[in-house]
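Engineer: This is the structure alone, sequence omitted:
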């Protein structure tokens, strides 16, 4: 078995992961999809050469991106996931029995198929009978969903690929329209060390659209800089504190999210807060 | 100018940094010392092939390792820094006018010399007239300092090199003896993603020795996994909240530390808390 290293580099530094085997490599209509067997981090999914997840640390990102907005809402019934074709957000959302609607809008059907084949511990999110799959551009899909969802989670790739419209102001305005009163959004909002301009712009756009906005930092080793964050926003008095307790049977299953870290994630280092003011 | 990449890899993944020039490479009595000019992250210091700091992100680590224990203490007068030869902890500690004693015990005089030559924005910590340099093994130095210091900060390399005794139970017992009543320690306590056994052991040892103990997570991109933490402990009711406010003139200078993130850093993800119980 011949090992090699796969590197994602940007702005002069990068993450490098030791790989033992390429399990899948293909070009979909939208992007290049690669699946690797790593030596220590389980399997790894890359889209257009960018690490999307490893089995080792995907729990950190998926739990925070999902449970922060769902617990920031007092009584969520209808969830839309935009992107997130791997199924990780769905898997976490499926742990909420209070949800009645669990829609996912993914642009690239091949990401779903590849995830089902190579990442069963993540794509198991699709096994939930409440899940309905919509293969479409999320920025178009939500335009006619006025006042329907309680929570929208955007698990997107970086700007530049097919996820680009999901970083625009119009999409944030359309998400607001698609929410019922008191609704909450959470979007993949990049690292303040790596892409401070994008982190700042998403907060600015969100503040123009929503009453309450925060940036929640998450420790995720295999994203460059080891940091990523969620832009969480809503027309509520607060989204930085859970609106309800975590049921003990759910808490026991979670590896990252808890009530304290929900609030703590919104305490930003000064250099991050200063991006916003 | 020929660029190349310098990689620190461990357990199947690593950080890789683009470098334009090797500024210094030498072997001290204790370790290999390398200084690189990176393309985007300023200068970088490596000891025995392990990234110690880059000018880009050293503020995160040095501010948290210094200001968390100093603000956890109500009235610190005497500080000991063990390790930290680059001067970064001294630079941050120098921002506290209440300190009367600012001792540093570094085992490797060459780290100090190299830092003064190549990292003036960090080694400026030595310019403070309160600083007294002791070239010695910190684990020996503190043995006859009973009841002297208010705060001890251990800015060590990883176990394996010259810093190995600083990870042992005896050193924690000796630190406790070297403190005045109400004293606080903070030690470089590794990443729970990369070295969970060490993170767990340092917490266990600290809990046997001190009344109050916590693990404070810090986002530092150029350490592998992008995460590092401080083990903070003391014979006080609480170390997870500042014992006093940050003076506004200091707050304005800080790029990472603030009162909220002091407390937030101690909110651990579940997989970290479970290491401790």
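Structural biologist: On my side now, so go ahead. If you're wondering where the values come from, they're calculated on a predicted model, not measured in any experiment.
Engineer: Only C-alpha atoms from now on, for both contacts and neighbour counts.
Structural biologist: Will do.
Engineer: Where do the domain boundaries of chain A fall?
Structural biologist: For chain A, automatic domain parsing gives the domain ranges A:4-54, A:58-276.
Engineer: Any idea how far the last one is from the middle of the chain?
Structural biologist: A distance of 5 Å separates the centroid of the chain from that of domain A:58-276, by Cα atoms, centre = their mean, to the nearest Å.
Engineer: looking at the domains of chain A, which is buried most?
Structural biologist: Burial of the domains of chain A is given as mean neighbour count (mean count of other Cα atoms under 10 Å in any protein chain shown); domain A:58-276 ranks first at a mean of 21.
Engineer: okay, the domains of chain A in JSON lines with mean pLDDT and distance to chain B next?
Structural biologist: Below are these laid out as JSON lines (pLDDT from 0 to 100; distance: least, Cα to the nearest Cα, whole Å):
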{"stretch": "domain A:4-54", "mean pLDDT": "95", "distance to chain B": "4"}
{"stretch": "domain A:58-276", "mean pLDDT": "97", "distance to chain B": "4"}
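Engineer: need those domains in TSV with distance to residue B:125, can you?
Structural biologist: Formatted as TSV, these follow (distance: least, Cα to Cα, whole Å):
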stretch	distance to residue B:125
domain A:4-54	27
domain A:58-276	21
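Engineer: Which of those sits closest to residue B:211?
Structural biologist: Distance to residue B:211, taken as Cα to Cα, is lowest for domain A:58-276 among these, at 21.8 Å.
Engineer: Do a quick rundown of the helices in chain A.
Structural biologist: Counting by DSSP state H, one finds helices in chain A at the ranges A:58-72, A:88-93, A:109-118, A:120-123, A:138-141, A:169-178, A:196-209, A:248-251, A:259-264, A:270-273.
Engineer: Nearest to residue A:102, out of the ones you listed?
Structural biologist: Minimum separation from residue A:102 across the helices of chain A (Cα to Cα) falls at helix A:88-93, 7.7 Å.
Engineer: that older thread, just so I know, which of the domains of chain A lies nearest residue B:229?
Structural biologist: domain A:58-276 (11.7 Å).
Engineer: now do the same end-to-end measure for that closest one.
Structural biologist: End-to-end distance for domain A:58-276: 27 Å, by Cα to Cα, to the nearest Å.
Engineer: Parallel or antiparallel, list what pairs with the longest strand along chain A.
Structural biologist: The longest strand of chain A (DSSP state E) is strand A:13-27. Using DSSP bridges, strand A:13-27 pairs in its sheet with strand A:4-10 (antiparallel), strand A:32-38 (antiparallel), strand B:13-27 (antiparallel).
Engineer: where do the strands sit along the stretch 151-277 of chain A?
Structural biologist: Secondary structure of the stretch 151-277 of chain A (DSSP state E, counting those that start in this stretch): strands at A:179-188, A:212-219, A:227-234.
Engineer: Let's have these in TSV, adding distance to residue B:189.
Structural biologist: Output for the strands of the stretch 151-277 of chain A, formatted as TSV (distance: least, Cα to Cα, whole Å):
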stretch	distance to residue B:189
strand A:179-188	29
strand A:212-219	16
strand A:227-234	19
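Engineer: Out of those, flag the one nearest residue B:271.
Structural biologist: strand A:212-219 (12.1 Å).
Engineer: From the rest of the structure, what touches the closest one?
Structural biologist: By Cα atoms under 8 Å, 6 or more residues apart in numbering or on different chains, the residues outside strand A:212-219 that reach it are A:60-61, A:64, A:189, A:203, A:206-207, A:226-240, A:265-268, B:219, B:226-227.
Engineer: Would you mind getting the angle between that strand and strand A:179-188?
Structural biologist: Relative orientation of strand A:212-219 versus strand A:179-188 (axes from the mean of the first three to the mean of the last three Cα atoms, to 10 degrees): 30 degrees.
Engineer: Partner strands of strand A:212-219, with direction?
Structural biologist: Partner strands for strand A:212-219, per DSSP bridges, with pairing direction: strand A:227-234 (antiparallel).
Engineer: Please enumerate residues in contact with the partner strand?
Structural biologist: A:61, A:65, A:69, A:182-193, A:202-203, A:206, A:210-221, A:239, B:219, B:221, B:226.
Engineer: re earlier: any chance of the helices of chain A in JSON lines, plus distance to residue A:4?
Structural biologist: Shown next, in JSON lines, are these (distance: least, Cα to Cα, whole Å):
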{"stretch": "helix A:58-72", "distance to residue A:4": "22"}
{"stretch": "helix A:88-93", "distance to residue A:4": "27"}
{"stretch": "helix A:109-118", "distance to residue A:4": "20"}
{"stretch": "helix A:120-123", "distance to residue A:4": "24"}
{"stretch": "helix A:138-141", "distance to residue A:4": "36"}
{"stretch": "helix A:169-178", "distance to residue A:4": "40"}
{"stretch": "helix A:196-209", "distance to residue A:4": "31"}
{"stretch": "helix A:248-251", "distance to residue A:4": "38"}
{"stretch": "helix A:259-264", "distance to residue A:4": "36"}
{"stretch": "helix A:270-273", "distance to residue A:4": "36"}
